[in-house]
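# Next comes the sequence, and after it the predicted model I'd like to discuss.
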2 protein chains.
Amino acid sequence: MKAALTAPHQPDELQALIAQQYSALSKRLRQIARYALDNPNDMALQTIAVIAEQAGVQPSALIRFAKAFGYSGFSEMQRVFQTKLVQRSNSYSERIRLYWEDGAEPPKTRSTEVLHEFTSAGAQALEQLHEAISAVQLEQAVELLTAARSVSLIGMRRSFPVAVYFAYALNRINCDARLLDNTGGMLSQQLHALSEQDVLLAISFQPYAGETADVVLQAVERNVPVIVLTDSPLSPIAEHADVCFEIKDAEVRGFRSLAATMCLAQALAVSLALRVE
Amino acid sequence: MKAALTAPHQPDELQALIAQQYSALSKRLRQIARYALDNPNDMALQTIAVIAEQAGVQPSALIRFAKAFGYSGFSEMQRVFQTKLVQRSNSYSERIRLYWEDGAEPPKTRSTEVLHEFTSAGAQALEQLHEAISAVQLEQAVELLTAARSVSLIGMRRSFPVAVYFAYALNRINCDARLLDNTGGMLSQQLHALSEQDVLLAISFQPYAGETADVVLQAVERNVPVIVLTDSPLSPIAEHADVCFEIKDAEVRGFRSLAATMCLAQALAVSLALRVE
DNA sequence: ATATTTATGGAATAAATATTCTATATTTAT
DNA sequence: ATAAATATAGAATATTTATTCCATAAATAT
């Protein structure tokens, strides 16, 4: 058989190509094609020897198979199967790595390309947010917020715009939201007024601001319920949270996006509004 | 450090154990713990050498890490990370299957539904942003910003968080950004200092805030270049802009998302940084 | 301050894994 | 039916990848 000129880098394309070429393949290669379509996970994760055994063929047949579809060898094809596993998932690094390897021009300077990087990374972060956040967490958070007399918000630096937006959104739905912005150094006074009947909503990402952690600690001491938006279970404020949302926002060129975080803020506010009404 | 007696076979257990043991680990091992929790996909798919490189440690450290958690070596631990990927992809396809069969996914609460609406609307808005913004506009805006001595930012209510974020991002790239937040009613004084060598960046969406329009008018009178982020060419500030970005952000349940606007802000800031450097 | 324990980096080694190669089998064309 | 072309199995080899080991560095206890 002659080698196909194509060598898809997208799992879906490869899958389609295998199905399409199926009848043109030799007996052994058809056997492999069937196995590959039925067990894409094994194709992604197992060694050539294991796959060969399970599919009932020789290892070399798998290499012939890969070459028939235009790859340099089995390993190259396997990477495509791996992306399938990753695509629904949360690591940008793998995707970015493949993106560059796919022959896309390296560092881009033109603004449209920067914009494109941000929009696609943002879209992906949103997609992953939707999968990562559990209904239980959301319900708990909304529950706490519903019961709260007032909601205090804290977020420093990059997290500050999120806190600002949160305050705006909560106020819009007639919720008593207080932004702890430390204007005039009144932070400790504002804190002092917090009680068990209130809620503290803290937002903090790497590099975690010390002030935010301090505020959370003080709130915990005073038995104030705490909702946390952060990026890792290792975050200094995660352990003290009553409800902790772990958000993996996209990072592009050293700038971490806020798309997912803002989106969650919005969803929380609207959920609260629906609950209260 | 002594080896933990445990050696979880379930990804979730492993993740929890890593987070729990974190503070008891040595410096290098903590570094790896962090990387592992942040990039579980890489842990599942990459070779020891690649992971070591990305995490900034020696390959042998990864093996010590695996052994510290009771595994015989790195490979054994990696299999647990791989399980996670497989489980994930199974549950995803399972959900899809159920979706088509039942017409709806089972575990849907009001909040998850709302979240879903926001994530998908946001993703769509990002996609459309990428198509709607022209290279010319971006270049012009970056041009103006590059030339500017300082950048003043104004945005009210819903636009305020964007202005706040913009100010943060611009400051991070060593650009002199001034947020016109009208603290202490000093807005007119701040305005007075604006000259032709500066830039005003105004953000305004329906219902357009009067203050923003006023500020833009005063800036125009004084020949200050103006960049505008708004939602319609009919916006009261659009006509006075030197560069006007028209952003159609998603609206869900009466709440307009900020995903696209924030994304553009970020892209502008990074483009500026690249240009300046 | 000094000794003792523990952790680390990096080269050396072992193990595994992929790939190539060739004699043999199978298919296809005449 | 025979020759030519193509595909296959399986061993041999090359390559990649994981692991071990030890000298050195850092931390901890004395």
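Yep, that arrived.
# And the strands in the stretch 101-250 of chain A, which stretches?
A:151-155, A:177-179, A:199-204, A:226-230, A:243-246 (DSSP state E, counting those that start in this stretch).
# So, low pLDDT: which residues of the stretch 101-250 of chain A?
Counting by pLDDT under 70, the stretch 101-250 of chain A shows low-confidence ranges at A:101-109.
# What is the burial count for residue A:133?
For residue A:133, the count of nearby residues is 23 (other CB atoms under 10 Å in any protein chain shown). For the C-beta atoms, the positions are set from N, CA and C on the backbone; glycine is no exception.
# ditto for the one 10 residues further on
Per other CB under 10 Å, the neighbour tally for residue A:143 reads 16.
# and if you look at residue A:61?
Residue A:61, neighbours per other CB under 10 Å, totals 18.
# Would you mind finding the most buried of the strands of the stretch 101-250 of chain A?
Among those, the stretch with the highest mean neighbour count (mean count of other CB atoms under 10 Å in any protein chain shown) is strand A:199-204, at a mean of 28.
# Show me which parts of whichever strand or helix holds residue A:75 are buried, residue by residue.
Secondary structure assignment for residue A:75, by DSSP states H and E: helix A:74-87. Neighbour-count burial for helix A:74-87 flags A:74, A:77, A:78, A:79, A:80, A:81, A:82, A:83, A:84, A:85, A:86, A:87 (criterion: 16 or more other CB atoms under 10 Å in any protein chain shown).
# Next up, the contacts around the first one.
So that's residue A:74. A:48, A:62, A:63, A:65, A:66 (CB atoms under 8 Å, 6 or more residues apart in numbering or on different chains).
# ok, which pair from these is furthest apart?
The two members of those with the most space between them (CB to CB) are A:48 and A:65, at 10.5 Å.
# By proximity to DNA strand C, which residue of the stretch 151-277 of chain A wins?
In the stretch 151-277 of chain A, the residue found nearest to DNA strand C is residue A:234; the distance is 16.2 Å by CB to the nearest atom of the strand.
# What is the burial count for that residue?
Residues near residue A:234, counting by other CB under 10 Å: 19.
# show me what contacts it?
Contacts for residue A:234 (CB under 8 Å, 6+ apart) come out as B:19, B:22, B:33, B:34, B:37.
# so how far is residue A:140 from it?
Remark: distance between residue A:234 and residue A:140 (CB to CB, to the nearest Å) = 21 Å.
# now what about stretch A:160-176, what contacts it?
A:145, A:149-151, A:153-155, A:177-181, A:201, A:203, A:229, A:258, A:261-262, A:265-266, A:268-270, A:272-273, A:276, B:157-158, B:160-162, B:164-165, B:168, B:255, B:258, B:262.
# Redo the strands of the stretch 101-250 of chain A as JSON lines? Include distance to residue A:186.
Shown next, in JSON lines, are these (distance: least, CB to CB, whole Å):
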{"stretch": "strand A:151-155", "distance to residue A:186": "13"}
{"stretch": "strand A:177-179", "distance to residue A:186": "11"}
{"stretch": "strand A:199-204", "distance to residue A:186": "16"}
{"stretch": "strand A:226-230", "distance to residue A:186": "21"}
{"stretch": "strand A:243-246", "distance to residue A:186": "27"}
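# out of those strands, which comes closest to residue A:53?
Nearest to residue A:53, of these and by CB to CB, is strand A:243-246 at 39.1 Å.
# Show me the residue of chain A that gets nearest to DNA strand C, please.
For chain A, CB to the nearest atom of the strand, closest residue to DNA strand C: residue A:73, 2.3 Å.
# Test my guess that that residue contacts residue A:67.
Yes: counting by CB atoms under 8 Å, residue A:73 touches residue A:67, with 7.1 Å between them.
# between the contacts of residue A:74, which is nearest chain B?
residue A:48 (15.2 Å; CB to the nearest CB).
# Skipping adjacent residues, who's closest to that closest one in space?
Nearest non-adjacent residue to residue A:48, counting by CB to CB, 6 or more residues apart in numbering or on different chains: residue A:59, 4.9 Å away.
# returning to what we had before: buried by neighbour count, from the contacts of residue A:234: which ones?
Applying 16+ other CB under 10 Å to the contacts of residue A:234 flags B:19, B:22, B:33, B:34, B:37 as buried.
# for the last one, what are its contacts?
So that's residue B:37. By CB under 8 Å, 6+ apart, the contact set of residue B:37 is A:232, A:233, A:234, B:15, B:18, B:19.
# Now do the SS call for it.
helix (DSSP: H, G, I helix; E, B strand; the rest coil).
# Same question for the first one.
Residue B:19 carries the three-state label helix when classified by three-state DSSP.
# Leaving out chain neighbours, which residue sits closest to it?
residue A:233 (4.2 Å).
# show me the contacts for the one you found.
A:244, A:246, B:15, B:19, B:37.
# So which of those residues is the closest to residue A:122?
Among those, residue A:246 lies closest to residue A:122 (CB to CB), at 17.8 Å.
# correct me, but the closest one touches residue A:228?
No: applying CB under 8 Å as the test, residue A:246 and residue A:228 come out as separate, 9.0 Å apart.
# List phi and psi for residue A:242.
phi -80, psi -40 (degrees, to the nearest 10).
# ok, back up a step: which neighbours do residue A:246 and residue A:228 share?
What both residue A:246 and residue A:228 touch, as defined by CB under 8 Å, 6+ apart, is the set residue A:238.
# for the stretch 51-200 of chain A, what spans make up the helices?
A:59-68, A:74-87, A:92-101, A:111-132, A:135-147, A:160-172, A:187-192 (DSSP state H, counting those that start in this stretch).
# Out of those, which gets nearest to residue B:240?
Going by CB to CB, the one of the helices of the stretch 51-200 of chain A nearest residue B:240 is helix A:111-132, 22.7 Å.
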